[in-house]
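Enquirer: below are the sequence and a predicted model; questions follow.
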Amino acid sequence: MTYRWADATWADLDAAREPLVALLPVGAVEAHGPHLPLATDNLISEAMALEGARLLADRGVSARVLPVLTYTAAPFARGFRGTVSVSPATVSALVVDVGRALAAQGVAVLAIANAHFDPANLESLYSAVETLRQESEIKVVFPDLTRRPWALRLSEEFQSGACHAGQYEGSMGMAVAPELVDEAERVSLPAAPVPLPEAIQAGKQSFEAVGGSQAYFGDPAAASAQEGQETIALLGEILAEAVASAL
Ligand SMILES: [Zn+2]
């Protein structure tokens, strides 16, 4: 069977076991180095959500993966052609509307599977979560991978903050869509170990301003499909745990 929400019929979802859980992958259309596709975060967030749905099914919980939220706020990468950055208010409003629509149909939980860590995107998601928690019956789950406890379970590179289009994301790109990874380019790139959260706190506002003239940080050449598969399994587990504890 499919775990994708929109591949089901309305009758499939009507017959799904209660409580029904909706998983919302959040990605971006954003520059990810000269070796990974603009859709990298979409691929990662959907893989995370699909793995989460599978693990929840093992626990007897019916979960379905909504279509990926692909247009998000990505101001750090907007200087690179291909990035499509929309305002945080637009993202918040859309997530709130999606949550309201699901709540009106008795969906018990909306869980956000986010793979896009631009601070503007995180802010827009927190804002939407807050609004839905105040006004709606639906339980909203948002395991933010950049925060404890979740961050502590991720790779060394991720925790170093050099987590854009490097080893962490590149590995998942290779695992999910190897045909979209430019391998010759990837293995030729020197490591760029810039701790992005510190640069952001210091007031930097673009990838170029923190030395990312090619829109990547971390170590792309160290990526592997094997690490990507392991990380996706871990992200799915994190999502499933977060949902299970809300039910
Ligand atoms: Zn990314």
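Expert: Noted; the coordinates are in hand. Residues are numbered from 1 along each chain as shown.
Enquirer: switch to C-alpha atoms for all contacts and neighbour counts from now on
Expert: Noted.
Enquirer: and residue 181, what are its phi and psi?
Expert: phi -100, psi 130 (degrees, to the nearest 10).
Enquirer: do residue 140 as well
Expert: phi -110, psi 130.
Enquirer: distance check, the nearest residue to it once chain neighbours are set aside against residue 99.
Expert: Nearest residue to residue 140, sequence neighbours excluded (C-alpha to C-alpha, 6 or more residues apart in numbering): residue 110, at 4.9 Å. Residue 110 is 7 Å from residue 99, where distance means C-alpha to C-alpha, to the nearest Å.
Enquirer: thinking again about what came up before, quick one: the residue nearest to residue 140 is in a helix?
Expert: No. With DSSP: H, G, I helix; E, B strand; the rest coil as the criterion, residue 110 is strand rather than part of a helix.
Enquirer: and the nearest residue to residue 75 once chain neighbours are set aside, what is it in contact with?
Expert: Residue nearest to residue 75 in three dimensions, not counting chain neighbours: residue 85, with 6.0 Å by C-alpha to C-alpha, 6+ apart. Applying C-alpha atoms under 8 Å, 6 or more residues apart in numbering, we find residue 85 in contact with 29, 30, 71, 72, 73, 74, 75, 78.
Enquirer: I figured the third one hits residue 27, correct?
Expert: Looking back up the chat, that one is residue 71. Yes. Under the criterion of C-alpha atoms under 8 Å, residue 71 makes contact with residue 27 at 7.5 Å.
Enquirer: between those two, who's got more neighbours?
Expert: residue 27 (28 against 19; other C-alpha atoms under 10 Å).
Enquirer: which ones are touching that one?
Expert: 39-45, 68-72, 114-116.
Enquirer: where do the strands sit along this structure?
Expert: Counting by DSSP state E, the chain has these strands, from start to end: 20-26, 62-65, 109-114, 139-141.
Enquirer: centre-most residue in this protein?
Expert: Closest residue to the average C-alpha location of the chain: residue 115 at 1.9 Å, with C-alpha atoms, centre = their mean.
Enquirer: the longest helix anywhere in the chain packs against which elements?
Expert: Of all the segments of type helix in the chain, defined by DSSP state H, the longest one is helix 225-246. Here helix 225-246 touches helix 40-58, strand 109-114, strand 139-141, helix 167-176, going by 3 or more C-alpha pairs under 8 Å, 6 or more residues apart in numbering; DSSP states H and E.
Enquirer: let's have those in CSV, adding mean pLDDT and mean neighbour count.
Expert: Listed next are the helices and strands packed on helix 225-246 as CSV, based on pLDDT from 0 to 100; neighbours: other C-alpha atoms under 10 Å:
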stretch, mean pLDDT, mean neighbour count
helix 40-58, 98, 24
strand 109-114, 98, 26
strand 139-141, 97, 20
helix 167-176, 98, 26
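Enquirer: out of these, flag the one nearest residue 244.
Expert: Proximity of the helices and strands packed on helix 225-246 to residue 244 was assessed by C-alpha to C-alpha; the nearest stretch is helix 40-58, lying at 7.8 Å.
Enquirer: how about low-confidence regions in the chain?
Expert: Confidence mapping of the chain against pLDDT under 70 gives zero matching residues.
Enquirer: try 80
Expert: 1 (pLDDT under 80).
Enquirer: could you identify the buried members of the contacts of residue 85?
Expert: By neighbour count, with 16 or more other C-alpha atoms under 10 Å, the contacts of residue 85 hold 29, 30, 71, 72, 73, 74, 75, 78 as buried.
Enquirer: and residue 67, how many neighbours?
Expert: 16.
Enquirer: pretty sure it contacts residue 3?
Expert: No. Assessed by C-alpha under 8 Å, residue 67 is found out of contact with residue 3, at 10.9 Å.
Enquirer: residues touching the closest residue in space to residue 103 that isn't next to it in sequence, list them.
Expert: Distances taken as C-alpha to C-alpha, 6+ apart place residue 138 nearest to residue 103, at 5.2 Å, with adjacent residues excluded. When contacts are counted by C-alpha under 8 Å, 6+ apart, residue 138 touches 99, 102, 103, 106, 107, 108, 109, 110, 132.
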